[in-house]
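Trainee: structure, please.
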Amino acid sequence: MTSRDARRSFPSDFLWGAATAAYQIEGAFDEDGRGQSIWDTFSRTPGRVLEGHSGDVACDHYHRWKTDLDLLSWMGVGAYRFSVAWPRWQPAGSGPVESRGAAFYDRLVDGLLERGIQPWATLYHWDLPQTLQDLGGWPCRDTAYRFAEYAQIVHSTLGDRVSGWVTVNEPLCASVLGYASTIHAPGICDDAAALQAAHNLLLGHGLAMSALRENGATNIGISLNNYPVVPASDSPEDIDAARRADGIMNRTFLDPLLRGTYPADIVADLVDTTDFSFVEEGDMAVVSAPMDFLGVNYYTSHVVAAADPGRPDSVDENSPWIGARDTVFVPQDCPRTLMGWDVQPQGLRTLLNRIQNDYECPPLYVTENGAAYDDILIDGEVEDPERTSYLDGHLRAAREAIEDGVNLRGYFVWSLLDNFEWSWGYTRRFGIVHVDYETLERTPKASAHWFRSVVRANAVIDPDA
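Mentor: Numbering: from 1, shown residues only. Okay, here's the model as predicted:
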């Protein structure tokens, strides 16, 4: 091994994995007693999801899970991060357990262990039971307590075999995109409700973590989607726009979890929206209880400018970014994914360093990182050089962060499979494995073969090697 190869190698105990989410891949929406979720309702509402798509069938992982686990085994990953569908365990979000739904995850976990793969379970990846939404959803404090009960129920079945627990995936999306815009389910436009939902998601995380610990669980954390946010210039207006955007995207979640308080400047900014009276005595101690790890989901970085006050059309009234709607996200001169997101690998290094240096934080894992491109299956193969380049750049940035001293323990690629991409339906492919949505046949893309080589070498591999 050359010295150059050695510099690109990852620590010997570095954990390689792949990630998915239940509603995006499972299908079987009305089988074995599964209840309805907010995404079932949202996707059936005209105009909500592109081309009227839904997760009714998705990748049919519910029936094809053995094939998908074999793909993980072929890839050589050490861990699989999957999400558990709350409506499969408790169709109404509380009350009796649906044993057939629980049995599916019981089989899935055993299947992973048989293949030598660690099961990492995400308890909430946005599929809130519709019954709980009808009772108020995440803006309702009681939902956080129901979530803790559900966490305890899942642990009672899987707790002896799950290696890692992610309580909540991306509370930013579940709250701000779901309750302050029509982008995500349930599609309610109420800023005050969105902020209350954000708090209750964090409270639910803390309550669930406590319930899991009381039952002997270890290795518990949460996954946040964070973004480096920098001003487009050194003007006071742009600097303030970046401060506010960073506040709602990052600090509103990092600060409660790692400092036990909401950022004072953001609380002041939002005084006309809410007085934060939904934060009750003792809440922040629950929210900020020490975690075993923090999951970081990274896709892009943002350069932010203040909107032109002379041009009302420069303000996006449909923006979900509470307190920062009068900002403009400035595209950079760089490649973009099919989502329109700037490809900024060094942003991952910047972000990981920022979290470790600004906060007293536990070990970090990249729990999602990936890109959507317009992949085409030709003669049984999918060449996706843009995705391979994207992953290569981000893994190099992750390795550089480790060299900087960041305590990064693992990396989960998003996603194992092409799948239902939320309000984009099936028009965006994030998978390193291609899914034919008519036949449901799986085909590893060129990026999957490359990632397999990376995992085997425990080192970044030149894409053309």
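
Trainee: helix or strand with the lowest mean pLDDT in the chain?
Mentor: Ranking every helix and strand in the chain by mean pLDDT, DSSP states H and E puts helix 3-8 at the bottom, with a mean of 50.

Trainee: show me what whichever helix or strand comes after that helix is packed up against.
Mentor: The first helix or strand that comes after helix 3-8 along the chain, using DSSP states H and E, is strand 15-19. Contacts defined by 3 or more Cβ pairs under 8 Å, 6 or more residues apart in numbering; DSSP states H and E place strand 15-19 against strand 79-83, strand 118-124, strand 364-368, strand 408-414. C-beta coordinates here come from the backbone N, C-alpha and C atoms, glycine included.

Trainee: Serialize the ones you listed to JSON lines and add fields for mean neighbour count, distance to residue 235 and mean pLDDT.
Mentor: Listed next are the helices and strands packed on strand 15-19 as JSON lines, based on neighbours: other Cβ atoms under 10 Å; distance: least, Cβ to Cβ, whole Å; pLDDT from 0 to 100:
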{"stretch": "strand 79-83", "mean neighbour count": "26", "distance to residue 235": "41", "mean pLDDT": "99"}
{"stretch": "strand 118-124", "mean neighbour count": "24", "distance to residue 235": "40", "mean pLDDT": "99"}
{"stretch": "strand 364-368", "mean neighbour count": "25", "distance to residue 235": "33", "mean pLDDT": "99"}
{"stretch": "strand 408-414", "mean neighbour count": "25", "distance to residue 235": "35", "mean pLDDT": "99"}
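
Trainee: select, out of those strands, the one closest to residue 230.
Mentor: Among the helices and strands packed on strand 15-19, strand 364-368 comes nearest to residue 230, with 20.6 Å by Cβ to Cβ.

Trainee: can you tell me the strand partners of the closest one and which way each runs?
Mentor: Strand 364-368 has its sheet partners listed here by DSSP bridges as strand 293-297 (parallel), strand 408-414 (parallel).

Trainee: quick one: which of these is nearest residue 146?
Mentor: With Cβ to Cβ, the closest approach to residue 146 among these belongs to strand 293-297: 22.6 Å.

Trainee: all strands for the stretch 351-465 of the chain, in order.
Mentor: Assigned by DSSP state E, counting those that start in this stretch, the stretch 351-465 of the chain shows strands spanning 364-368, 408-414, 433-435, 442-444.

Trainee: among the ones you listed, which comes closest to residue 259?
Mentor: strand 364-368 (16.5 Å).

Trainee: who's in contact with the closest one?
Mentor: Strand 364-368 is contacted by residues 15, 19, 81, 166, 169, 221, 223, 225, 293-299, 348, 352, 355-356, 398, 406-412, 414-415 when judged by Cβ atoms under 8 Å, 6 or more residues apart in numbering.

Trainee: one more pass at 6 Å, please.
Mentor: By Cβ atoms under 6 Å, 6 or more residues apart in numbering, the surrounding residues in contact with strand 364-368 are 19, 223, 293-297, 408-412, 414.
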